[in-house]
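> One predicted model, sequence on top.
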Amino acid sequence: MTRTESAAADTASARTATRPAGYAVARIGGASFLVHRRAVAVAGLLTVLLAAAVVLYLCVGDSFVSPVQVIDVLLGRPSPDELVVGTLRLPRLVVGLLAGAAFGVAGALVQTVARNPLASPDVIGVTHGAGAATVAAMSFGLVGHTTLPYVSVAGGLGAGLLVYAFAWRRGLHASRFVLVGIGVSIALGSLTQLFLTKGDYLVAQQAKVWLTGSLNSRGYDQAAPLALVLLVAVPAVLWAAWAQRGASFDDDTAVALGIRLDRMRLGLTLIGVVLASVATGATGPVDFVALLAPQIARRLTRTAQIPLLSSALTGALVVVVADLLARRLFSPVELPVGVLTAAVGAPYLMWLIARTRSRSGGSTS
């Protein structure tokens, strides 16, 4: 063996030795980066499950459509079921997919900043802020329906920044962030009820339906701004995936490593708030998706940080399956999807609180 070959072998051995367990090296062109093997496998599995859920969603309804006909419609081939699948079911499905993905990523980012599995946009007041602003606009006729998603974004941003400002005291403490968020949620919930009682009665009834979180009558008009925001947010989400590791450090470690932790956390919070607010504007407050999806994804991948791609896929899968069950479980009565996600998410939240308390009690005893 020549010296060059020996040196190359030593370099390869050193790289293998320093590579974390469970990771592989992926190369694209001249760039190389570490990839978590289990996270890639989980993302692939979630993609397959989501594809199956999409086909099943488009098949099942008042009239059953065969999977072959569904695939023909999706591929643009002539089909007698074009009206049922392409016009009636597909637009609603697209909104559910985009909103679920947005909620999943938003929840992952908020939980990363808070370093707490109890934190999510619907727990810390973001979706309540979006809801309060939207209900006010609907009840008092301040804006038209086409601009309601932008009102939701403004309300969510205002609530998120308010929570961040009150929780920050020479640093962001995780438990203070969650507690302040819960307090803001309660206040905004009361404000929403006030708007409902003071506005026009018929519009207030429509606002109440919107507050339950529903995909009924949703279409491409709601999907377009949501898809645009998700597309524009791709570079920010890629940065967030990189920044997650630094944001998970405690303040002392971050200072020692030279990380500007406050700016990083603020950036992650803003991205999560915008995504959750736009999704809320499109579907209404579909509660607990942003809480459930990141924790399911993290338990499946077993990674140190919450995986954003798996969180997005899990969020989309949860919303699609929940809406399918909401449509067919009590047919011909159709439940709002937010009712079903809340029925599943509320017990999970209580279990998570009890589990967190038992852990803290065990550490102090």
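Structure received.
> Could you list the low-confidence segments of the stretch 251-365 of the chain?
Within the stretch 251-365 of the chain, the segments meeting pLDDT under 70 span 251-258, 353, 356-365.
> again, 80 this time
251-262, 331, 345-346, 348-365 (pLDDT under 80).
> which non-adjacent residue is nearest residue 339?
residue 212 (5.9 Å; C-beta to C-beta, 6 or more residues apart in numbering). Every C-beta, even on glycine, is put in place using the N, C-alpha and C of the backbone.
> check contacts around the one you found.
The contact partners of residue 212, taken as C-beta atoms under 8 Å, 6 or more residues apart in numbering, are 284, 336, 338, 339.
> What about the residues you listed, which are in helices?
Taking DSSP state H, the ones among these that sit in helices are 338, 339.
> For PyMOL, write the select line for the buried members of the contacts of residue 212.
Isolation of the buried members of the contacts of residue 212 (16 or more other C-beta atoms under 10 Å) is achieved in PyMOL through the command below:
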select buried, resi 284+336+338
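> Columns distance to residue 291 on top of the contacts of residue 212, output as TSV?
Listed next are the contacts of residue 212 as TSV, based on distance: C-beta to C-beta, whole Å:
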residue	distance to residue 291
284	16
336	18
338	13
339	16
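> Return the backbone torsion pair for residue 75.
phi -90, psi 0 (degrees, to the nearest 10).
> Neighbours of it, how many?
Counted with other C-beta atoms under 10 Å, residues neighbouring residue 75 total 8.
> Could you number the chain from 11 rather than 1 from now on?
From this message on, residue numbering opens at 11, which makes the last subject residue 85.
> ok, it to residue 160 distance?
Using C-beta to C-beta, to the nearest Å, we find residue 85 at a distance of 34 Å from residue 160.
> cool, residue 92 as well?
33 Å.
> any idea of the mean pLDDT for stretch 174-190?
Here stretch 174-190 scores 77 as its mean pLDDT.
> Please point out which parts of it sit buried.
So for stretch 174-190, counting by 16+ other C-beta under 10 Å, buried means 174, 177, 178, 182, 183, 184, 186, 187, 188, 189, 190.
> Return the member of those nearest to residue 311.
residue 184 (21.7 Å; C-beta to C-beta).
> Tell me who's in contact with residue 177.
By C-beta under 8 Å, 6+ apart, the residues touching residue 177 are 183, 186, 187, 190, 191.
> For those, give me JSON lines that also has distance to residue 201 and secondary structure.
Formatted as JSON lines, the contacts of residue 177 follow (distance: C-beta to C-beta, whole Å; DSSP: H, G, I helix; E, B strand; the rest coil):
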{"residue": "183", "distance to residue 201": "26", "secondary structure": "coil"}
{"residue": "186", "distance to residue 201": "22", "secondary structure": "helix"}
{"residue": "187", "distance to residue 201": "21", "secondary structure": "helix"}
{"residue": "190", "distance to residue 201": "16", "secondary structure": "helix"}
{"residue": "191", "distance to residue 201": "15", "secondary structure": "helix"}
